[in-house]
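Trainee: what's the 3D shape of this:
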Amino acid sequence: MANKVTMTQFLIEQQREYPGTSGTFTMLLNDIVTACKQISHKVNRGNLIGVLGSAESENVQGEVQKKLDIITHEIMVEALDWTGHLAGMLSEEVDEPIKIPPQYPKGKYLVLFDPLDGSSNIDINLTVGTIFSILRCREGVDAEPEDFLRKGAEQVCAGFVLYGPSTMMVLTTGHGVNGFTLDQDIGEFILTHRNMTIPEDTREFAINMSNQRFWEEPVRRYIDECVQGTDGPRGKNFNMRWIASLVAEVYRILTRGGVFLYPYDSRDPKKPYKLRLLYEANPVAFIVEQAGGACSTGRERMLDVKPQSLHQRVPVILGSKDEVERIVKYHLEG
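Mentor: Residues are numbered from 1 along each chain as shown. Here you go, the predicted structure:
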């Protein structure tokens, strides 16, 4: 363990920079870390413990749930509802906010989460993850739905955990972005990626090309220019990536640069957008901005979007700042 900084040590050292704090926030983060360790174990064991496959039910989004969608949701709730740190929770998997049981004290924070991002990948052994966001709230009361309808700029913390060849947590508290890798031998997250920043130059974009015929013109224009490579206006060749897991896409951009687009499409007028604002787009936008990148709907900075509903969906364009600004420019011109 010589010269290794555990997440617990990292959080305590950060707490010391703010004398007079109660330590509640640090304890809350440790509770989230504990839940994610449990999820990592379930994902890692997979079919050995019978947690893969469909649950034959749908969530509030109308999406078919995997068994692990339900299991990971329950792990998050059970790890957090008793702690006294929270006034309420919001999960992708349920319609209404999750209230704190009456036998437990109410805290001053809200946690919003997608317990298993990219769950369509789980049965084919590809990367999945957990995304979370933390907001402040009125202390000692049950949170109401309107308490969650806050701009992303009000987040005090955001993070995601990547369950891949190794388990990694990427975290920001508004002072840069740091990455931690789970050391399975000692059961601790170790600081392995300090002060992560998104490379400015990029030759990669990530988008689901099968939806091309449904895109708006600004997105089609940008992708066409990338595909033209050295023969087009960009004067360089691009590679396309697509993993179908938001956390995996964002992690790649944090380490290699690039741009990720899940834009408006006209295929289903009732669902023109895919990603949810409060517990997917906002937390990754906070992380990306803190790493020197940008995140937009195409017409508005993501962290400035005023939520209208708990499970609101939005178009997402994020990554290297210059590329995002180019795409926004195309939207404004169009």
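
Trainee: Kindly format the C-alpha coordinates of stretch 71-88 as PDB.
Mentor: Provided in PDB are the C-alpha atoms of stretch 71-88 (Å, rounded to 0.1, in the frame of the first residue of the first chain):
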ATOM      1  CA  ILE A  71     -30.800  -5.900  -8.300                       C
ATOM      2  CA  THR A  72     -28.500  -2.900  -8.600                       C
ATOM      3  CA  HIS A  73     -31.400  -0.500  -7.900                       C
ATOM      4  CA  GLU A  74     -32.100  -2.400  -4.700                       C
ATOM      5  CA  ILE A  75     -28.500  -2.400  -3.700                       C
ATOM      6  CA  MET A  76     -28.300   1.400  -4.100                       C
ATOM      7  CA  VAL A  77     -31.500   2.000  -2.100                       C
ATOM      8  CA  GLU A  78     -30.600  -0.400   0.700                       C
ATOM      9  CA  ALA A  79     -27.100   1.100   1.000                       C
ATOM     10  CA  LEU A  80     -28.300   4.700   1.400                       C
ATOM     11  CA  ASP A  81     -31.900   4.900   2.800                       C
ATOM     12  CA  TRP A  82     -30.900   4.200   6.400                       C
ATOM     13  CA  THR A  83     -27.800   6.400   6.700                       C
ATOM     14  CA  GLY A  84     -29.400   9.700   7.800                       C
ATOM     15  CA  HIS A  85     -27.600  11.600   5.100                       C
ATOM     16  CA  LEU A  86     -30.400  11.800   2.600                       C
ATOM     17  CA  ALA A  87     -33.800  13.500   2.200                       C
ATOM     18  CA  GLY A  88     -34.700  11.300  -0.800                       C
END
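
Trainee: Give me the average confidence score over that stretch.
Mentor: The average pLDDT for stretch 71-88 rounds to 96.

Trainee: If you count neighbours, what's buried in that stretch?
Mentor: Applying a neighbour-count criterion of 16 or more other C-beta atoms under 10 Å, one finds 71-73, 75-77, 79-81, 83, 85-88 buried in stretch 71-88. Just so you know, the C-beta spots here come from the backbone N, C-alpha and C atoms, and that holds for glycine as well.

Trainee: Phe113: how many residues sit nearby?
Mentor: Number of residues near Phe113 (other C-beta atoms under 10 Å) recorded here: 30.

Trainee: Can I take it that it is in a strand?
Mentor: Yes - under DSSP: H, G, I helix; E, B strand; the rest coil, Phe113 sits within a strand.

Trainee: mind listing what it touches?
Mentor: 76, 89-92, 130-133, 279 (C-beta atoms under 8 Å, 6 or more residues apart in numbering).

Trainee: Which secondary structure state does Leu191 sit in?
Mentor: At Leu191 the chain is in strand, as set by three-state DSSP.

Trainee: wait, what's in contact with it?
Mentor: 4-7, 10, 178-180.

Trainee: how about 10 Å then?
Mentor: 4-7, 9-10, 171, 178-181 (C-beta atoms under 10 Å, 6 or more residues apart in numbering).

Trainee: Distance from the chain centre to the strand or helix carrying Leu135, please.
Mentor: Using DSSP states H and E, the element containing Leu135 is strand 128-136. How far strand 128-136 lies from its chain's middle: 6 Å, per C-alpha atoms, centre = their mean, to the nearest Å.

Trainee: Could you do stretch 110-128 as well?
Mentor: Distance, centroid of stretch 110-128 to centroid of chain: 10 Å (C-alpha atoms, centre = their mean).

Trainee: Identify each buried residue in that stretch, please.
Mentor: Neighbour count says stretch 110-128 has 110-119, 121-122, 127-128 buried, by 16+ other C-beta under 10 Å.

Trainee: from those residues, which two are the most distant?
Mentor: Leu110 and Asn121 (28.0 Å; C-beta to C-beta).

Trainee: pretty sure Leu68 is touching Ser120, no?
Mentor: No - in this structure Leu68 lies outside contact range of Ser120 using C-beta atoms under 10 Å: 11.1 Å.

Trainee: Show me the common contact partners of the two, please.
Mentor: Taking C-beta under 10 Å, 6+ apart as the contact rule, Leu68 and Ser120 both touch Val128.

Trainee: neighbours around Arg234, how many?
Mentor: 16.

Trainee: one step back: what strands line up against the strand holding Leu135, and which way round?
Mentor: Partner strands and pairing direction for strand 128-136 (DSSP bridges) are strand 109-117 (antiparallel), strand 157-163 (antiparallel).

Trainee: in that strand, what counts as buried?
Mentor: 128-135.

Trainee: which pair in the residues you listed spans the largest distance?
Mentor: Across the buried residues of strand 128-136, no pair lies farther apart than Val128 and Leu135, at 24.4 Å, counting by C-beta to C-beta.

Trainee: Need the pLDDT of the residue nearest to Val43 when sequence neighbours are not counted.
Mentor: What sits nearest to Val43 in space, not counting adjacent residues and going by C-beta to C-beta, 6 or more residues apart in numbering, is Tyr163, at 4.4 Å. Tyr163 carries a pLDDT value of 95.
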